[in-house]
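quick check, what structure comes out for this input:
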Amino acid sequence: MKTEIRNAFGEVYLTIEYLKAMNVVYNNWIGYQTYAGIVGGANTCLTIIEEHHCPYMLNDNSKVVGPWDHALEWLTTDWAPRAIQSGLTHFAHVVSVESFAAFSAHNLHTGIDEKLQMRIFDNAVEALEWLRTVQQTLSPPLN
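Numbering: from 1, shown residues only. Model prediction:
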């Protein structure tokens, strides 16, 4: 089931979906992100991670406009530790390389790199492939 989160104008700025077949929480952020929107969306995402005991997340920022550095401190000092405590181990982050959001993503990576396995990708296909490979490595098939 997909969760849609709307801003004060009624526009969807985030969709969150647990992809059961892949055991991945998929976040699709859209447009400009306010501090309050990031906090609300990230906390909702955390609830879904906890509900499904899901250690893998794909955070898609390819449709984000502008930077979101205004939330970096909160993400690294508040959200990331709670996400790790909730069982998140691998965080694939998709950015548009030509956007200011890419700069914010690199800053986030620097802030949580030692605490959480995070990789940055140009597209969701590569990000999902990395998560699939990690899952297979951590849980090899039984023979």
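
in the sheet, who's paired with the spatially most central residue of the chain?
In the chain, the residue lying closest to the centroid (C-alpha atoms, centre = their mean) is Asn59, at 2.9 Å. Using DSSP bridges, the beta-bridge partners of Asn59 come out as Asn27, His93.

flag the shaky bits of this protein, pLDDT-wise.
97-115, 140-143 (pLDDT under 70).

please report phi then psi for Trp68.
phi -130, psi 30 (degrees, to the nearest 10).

that one touches Ala36, doesn't it?
No - assessed by C-beta atoms under 8 Å, Trp68 is found out of contact with Ala36, at 11.8 Å. Heads up, the C-betas are built off the backbone N, CA and C, glycines and all.

quick one, which of the two is more surrounded?
Trp68 (24 against 11; other C-beta atoms under 10 Å).

got the contact list for the residue nearest to the centre of the chain?
Residues counted as contacts of Asn59 (C-beta atoms under 8 Å, 6 or more residues apart in numbering) are Asn27, Trp29, Phe91, Ala92, His93, Val94.
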